[in-house]
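Novice: The sequence isn't on hand, but the structure is:
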Ligand code: PTJ
């Protein structure tokens with residue numbers, strides 16, 4: 001990352017790409033994660049590489065959900081671990097959530113490498129290694145979760161999630177918060193709170209909102225949630241991408 005001059009117009013995008021490459025080299029990120037990053041980067045370019053107002057609103061709503069939750073869990077895959085490990089730990093601290101490693105391309109080596117990477121970034125307890133429960137209606141490998149983690153969670157944050165898994169979690173009637181730069185992807189389409197923003201900007205902003213809302217009453221938090229229109233948020237993102245407005 002030191003080699004990229006900070007005044008380079010594509011600085012943030014290049015840093016992101018480097019983090020994914022490093023993640024692959026360290027055995028944290030799957031090779032497919034590079035394709036995912038390339039797709040995300042194209043959508044981000046069209047969004048103007050900024051948090052649009054509807055995404056900021058969704059991030060605030062997500063913070064409200066997490067603060068009200070009984071058992072919130074933040075799901076971590078190979079891209080999330082490479083891009084925002086410390087930021088995910090900070091969000092988990094701010095809303096008292098658990099972190100769970102949950103991979104699309106699951107191998108014991110990557111699970112362990114990601115858990116260790118999170119611990120290096122300050123995580124105390126990392127879930128996902130026990131994998132003693134299954135998400136119903138999903139193939140065996142991809143269904144693996146911790147019984148006292150995602151399986152039992154009432155609110156889950158699933159960034160850069162596969163569409164089948166997002167749907168299966170929705171069927172479990174969890175409040176699902178999806179971070180995905182593609183508003184047309186199935187995961188944000190099924191999420192109760194779709195956040196169309198780069199995870200690099202979304203997660204720190206969710207933490208800022210959570211800190212601001214830390215003293216809000218339950219009624220205030222519920223009112224923020226009530227006001228949110230998920231369809232409108234998805235439309236606003238698509239409108240920005242297609243028409244630049
Ligand atoms: O580590 P694993 O094995 O769990 O695999 C993780 C990936 C991401 C490879 C896997 O879940 C996958 O293949 O995902 P998809 O189907 O490529 O979907 C990834 C979605 O994330 C796409 O819609 C991208 O546009 C979006 N995306 C990519 N980078 C970012 C992003 N969204 C937000 N922020 C990003 N930085």
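Specialist: Now that the structure is in, tell me what you want to look at. Just so it is clear, the structure is predicted and the values come from calculations on it, not from any experiment.
Novice: got the residue ranges for the strands in this protein?
Specialist: 72-76, 98-101, 126-127, 133-134, 144-145, 155-159, 175-179, 193-195 (DSSP state E).
Novice: Other residues contacting the fourth one?
Specialist: Residues outside strand 133-134 that contact it (CB atoms under 8 Å, 6 or more residues apart in numbering): 140, 143-147, 151. (Glycine included, C-beta is placed from N, CA and C.)
Novice: Buried among those residues? Make that a PyMOL selection.
Specialist: Typed into PyMOL, the line below selects the buried ones among these, using 16 or more other CB atoms under 10 Å:
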select buried, resi 143+144+145+146+151
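Novice: Which of the contacts of strand 133-134 scores worst on pLDDT?
Specialist: Ranked by pLDDT, these bottom out at residue 140, which has 85.
Novice: residues near the residue nearest to that residue when sequence neighbours are not counted, how many?
Specialist: Excluding its sequence neighbours, the residue lying closest to residue 140 (CB to CB, 6 or more residues apart in numbering) is residue 134, at 7.5 Å. Residue 134 has 16 neighbours, counted by other CB atoms under 10 Å.
Novice: any weak-confidence spans in this structure?
Specialist: Along the chain, the model assigns pLDDT under 70 to residues 1-2.
Novice: Give the bridge partners for the residue nearest to residue 140, please.
Specialist: Beta-bridge pairing for residue 134 (DSSP bridges): residue 144.
Novice: Roughly how far does it sit from the ligand?
Specialist: 17 Å (CB to the nearest ligand atom, to the nearest Å).
Novice: what do you get for residue 26?
Specialist: Noted for residue 26: a distance of 13 Å to the ligand, by CB to the nearest ligand atom.
Novice: Which residues are in contact with residue 75?
Specialist: Shown in contact with residue 75 (CB under 8 Å, 6+ apart): 100, 102, 150, 156-159, 161.
Novice: what's the closest non-adjacent residue to residue 55?
Specialist: Nearest one to residue 55, counting by CB to CB, 6+ apart, is residue 197 at 4.0 Å.
Novice: Please work out how many residues are found near the one you found.
Specialist: For residue 197, using other CB under 10 Å, the count is 25.
Novice: what residues does the protein put near the ligand?
Specialist: Within the chain, the positions near the ligand by CB under 6 Å from any ligand atom are 30, 32-33, 36-37, 39-40, 43, 77-79, 83, 103-105, 160, 162, 179-182, 185, 198-200.
Novice: Type out the ChimeraX command that picks the buried ones from those residues.
Specialist: Applying 16+ other CB under 10 Å to those leaves a buried subset, and the ChimeraX line that selects it is:
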select :30,33,36,37,40,43,77,78,79,83,103,104,160,162,179,180,181,182,185,198,199,200
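Novice: Which ones among the residues of the chain next to the ligand map onto helices?
Specialist: 32-33, 36-37, 39-40, 43, 78-79, 83, 199-200 (DSSP state H).
Novice: Can you lay out these as CSV showing distance to residue 233?
Specialist: Converted to CSV, these look like this (distance: CB to CB, whole Å):
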residue, distance to residue 233
32, 27
33, 26
36, 22
37, 23
39, 20
40, 18
43, 15
78, 27
79, 22
83, 22
199, 16
200, 19
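Novice: thinking residue 222 is in contact with residue 65, fair?
Specialist: No. Using CB atoms under 8 Å, residue 222 is not in contact with residue 65; the gap is 10.0 Å.
Novice: Between the two, which is the more surrounded one?
Specialist: residue 65 (25 against 14).
Novice: That one and the ligand: what is the separation?
Specialist: 18 Å.
Novice: wait, what's in contact with that residue?
Specialist: 72, 155, 175, 177, 192-193, 225.
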